[in-house]
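A.B. asks: Next input, structure requested:
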Amino acid sequence: MIIPELPDYLTQLGGAQYKGLIISLFTITAMISRPFSGRLADKIGRVPVMIFGAAVCFTCSLFYPVVSSLAGFFLLRFIHGFSTGFTPTGTTAYLADIIPSDRRGEAMGILGTASAIGMAGGPALGGLLANQFNLDILFYSSSFLALVAIVILWRTKETLKTKSPFSLDSIKVNKDDIFEPLVLAPCLVMVLTAFAYGCVFTIIPDFGQFLGIRNKGLLFTYLTVASLIIRLVAGKASDRYGRVSVLRISTFFIIISMLVIGTANTTTQLIIGVTVYGFAQGSTSPTLLAWATDLSDDRFKGRGIASLYIFMELGIGLGAFISGWIYRNDPSQFFVTFSVSSGLAAAAFIYLFLKPYLVKA
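C.D. replies: The predicted structure follows:
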């Protein structure tokens, strides 16, 4: 809901040149928190981890209206990252507990579909609230939806069979909690393809405005509706044909979509590019989640999933920061900015073909 409006909000605070930090600060915290969320999900349970992330989202959205300085805004974005650092880790581990391995791709597709529904409606609703009312109403509405999530999670049955009560030892992270080597291959593909996600969410609002699109959230709606349509199909396909086969196709279309967006000079071309990227990203995400879960040790699913999310946040954060640095509020840099994302996706595409052992995945 709030992402499409944050660039303008930051501009009003006098920080137009720091737009790349909107996403990157958020993802830095999410990345840092992943080893903790993975360990806690394996120790105290999936549900508490999900609730904590939702509670952070609820609290931060309440505070955006009272922030009046750049320092306060960036501090809030930094803290807000804990929401993404915790809730998806718990959610994915929860799902892995209850779904048979031969339907894991399909299940991750369903989870992604639920996320895409929120991502499709959120930006459009956020743009509508901001245009019809004001940003305060937008932030309070976002907070209210997070509260609804907390209420739902509070009544959810825990799936972790052996739980430990929370203690300081629960958050003592050792080197084994930081990264799970078994999931290295999907992590590498994730970081290379997630760069485009950070680029899109940082630059697209300005690109849409440059081409005359008033409700910038609608572009994200096109993206997420396309993602929504493809997720179930891609998840089932990865169960049937293999994770790598699906990823080769999806990374190819990330390459193409970034070039289409980067060369856009009409709203139609921009919408086409964003939609193609939605199809590609919607295929890549659930397939990588299923692949990482396949490769994870059953005793440490939270750790394996958290490792994948660390690389996702790393890719998104770098994509947002580097794209913002290249762009620098100069429309002539749109092509160069999206070309970098295309090149990194091409590296992932090549990697999937050059590793012979991946064919068996």
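A.B. asks: hey, let's count contacts and neighbours off CA atoms from now on
C.D. replies: Will do.
A.B. asks: in the helix or strand hosting residue 272, what counts as buried?
C.D. replies: For residue 272, the element it lies in under DSSP states H and E is helix 267-295. In terms of neighbour count (16 or more other C-alpha atoms under 10 Å), helix 267-295 has its buried residues at 267, 270-295.
A.B. asks: And the average pLDDT for it is what?
C.D. replies: Mean pLDDT, helix 267-295: 90.
A.B. asks: Now find how far off-centre that helix is within its chain.
C.D. replies: Relative to its chain's centre, helix 267-295 lies at 11 Å (C-alpha atoms, centre = their mean, to the nearest Å).
A.B. asks: Return the list of helices and strands in contact with that helix.
C.D. replies: For helix 267-295, the elements it packs on are helix 104-132, helix 184-210, helix 217-241, helix 243-262, helix 301-327, judged by 3 or more C-alpha pairs under 8 Å, 6 or more residues apart in numbering; DSSP states H and E.
A.B. asks: Return the most buried member of these.
C.D. replies: Of the helices and strands packed on helix 267-295, the one with the most neighbours on average (mean count of other C-alpha atoms under 10 Å) is helix 301-327, at a mean of 27.
A.B. asks: Show the subsequent helix or strand relative to that helix.
C.D. replies: Following helix 301-327 toward the C-terminus (DSSP H and E): helix 334-354.
A.B. asks: Please name the nearest non-neighbouring residue to residue 347.
C.D. replies: Of all residues not flanking residue 347 in the chain, residue 192 sits nearest, at 7.1 Å (C-alpha to C-alpha, 6 or more residues apart in numbering).
A.B. asks: Look at the one you found and report its pLDDT.
C.D. replies: As predicted, residue 192 sits at a pLDDT of 96.
A.B. asks: Could you do residue 57 as well?
C.D. replies: Checking the pLDDT column for residue 57, the value is 90.
A.B. asks: How about the secondary structure of the nearest residue to it once chain neighbours are set aside?
C.D. replies: Once flanking residues are discounted, residue 57 sits nearest to residue 83: 5.5 Å by C-alpha to C-alpha, 6+ apart. Secondary structure for residue 83, judged by DSSP: H, G, I helix; E, B strand; the rest coil, is helix.
A.B. asks: Which residues are in contact with residue 83?
C.D. replies: Applying C-alpha atoms under 8 Å, 6 or more residues apart in numbering to residue 83 gives the contacts 30, 52, 53, 54, 55, 56, 57.
A.B. asks: just the buried members of those?
C.D. replies: Using 16+ other C-alpha under 10 Å as the burial test, the contacts of residue 83 include 30, 52, 53, 54, 55, 56, 57 as buried.
A.B. asks: of all those residues, which two lie farthest apart?
C.D. replies: 30 and 55 (14.4 Å; C-alpha to C-alpha).
A.B. asks: hmm, back to that, would you mind checking which of the buried ones among the contacts of residue 83 is nearest to residue 247?
C.D. replies: residue 30 (24.4 Å).
A.B. asks: Point me to the helix or strand that includes that closest one.
C.D. replies: Using DSSP H and E, the element containing residue 30 is helix 20-43.
A.B. asks: quick one, that helix and helix 301-327 angle?
C.D. replies: Counting by axes from the mean of the first three to the mean of the last three C-alpha atoms, to 10 degrees, helix 20-43 lies at 180 degrees to helix 301-327.
A.B. asks: which residues touch whichever helix or strand comes after helix 20-43?
C.D. replies: Later in the chain than helix 20-43, the nearest helix or strand by DSSP H and E is helix 46-63. Helix 46-63 is touched from outside by 37, 40-41, 76, 79-80, 82-91, 93-94, 139-140, 142-147, 149-150, 153-154, 156-160, with contacts defined as C-alpha under 8 Å, 6+ apart.
A.B. asks: So what's the gap between helix 46-63 and the chain middle?
C.D. replies: On C-alpha atoms, centre = their mean, the centre of helix 46-63 falls 16 Å from the chain's centre.
A.B. asks: what does stretch 54-65 give?
C.D. replies: Distance, centroid of stretch 54-65 to centroid of chain: 18 Å (C-alpha atoms, centre = their mean).
A.B. asks: from here on, count from 800
C.D. replies: All right, first residue 800 from here; so that's stretch 853-864.
A.B. asks: and that stretch, C-alpha only, in PDB?
C.D. replies: Extracted C-alpha coordinates of stretch 853-864, given in PDB (Å, rounded to 0.1, in the frame of the first residue of the first chain):
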ATOM      1  CA  ALA A 853       3.100  -8.400  11.800                       C
ATOM      2  CA  ALA A 854       3.300  -6.400  15.000                       C
ATOM      3  CA  VAL A 855       6.300  -4.500  13.600                       C
ATOM      4  CA  CYS A 856       4.300  -3.600  10.500                       C
ATOM      5  CA  PHE A 857       1.400  -2.500  12.700                       C
ATOM      6  CA  THR A 858       3.600  -0.300  14.800                       C
ATOM      7  CA  CYS A 859       5.700   1.300  12.100                       C
ATOM      8  CA  SER A 860       2.700   2.200  10.000                       C
ATOM      9  CA  LEU A 861       1.300   4.100  13.000                       C
ATOM     10  CA  PHE A 862       4.400   6.200  13.300                       C
ATOM     11  CA  TYR A 863       4.900   7.300   9.700                       C
ATOM     12  CA  PRO A 864       2.400  10.200  10.100                       C
END
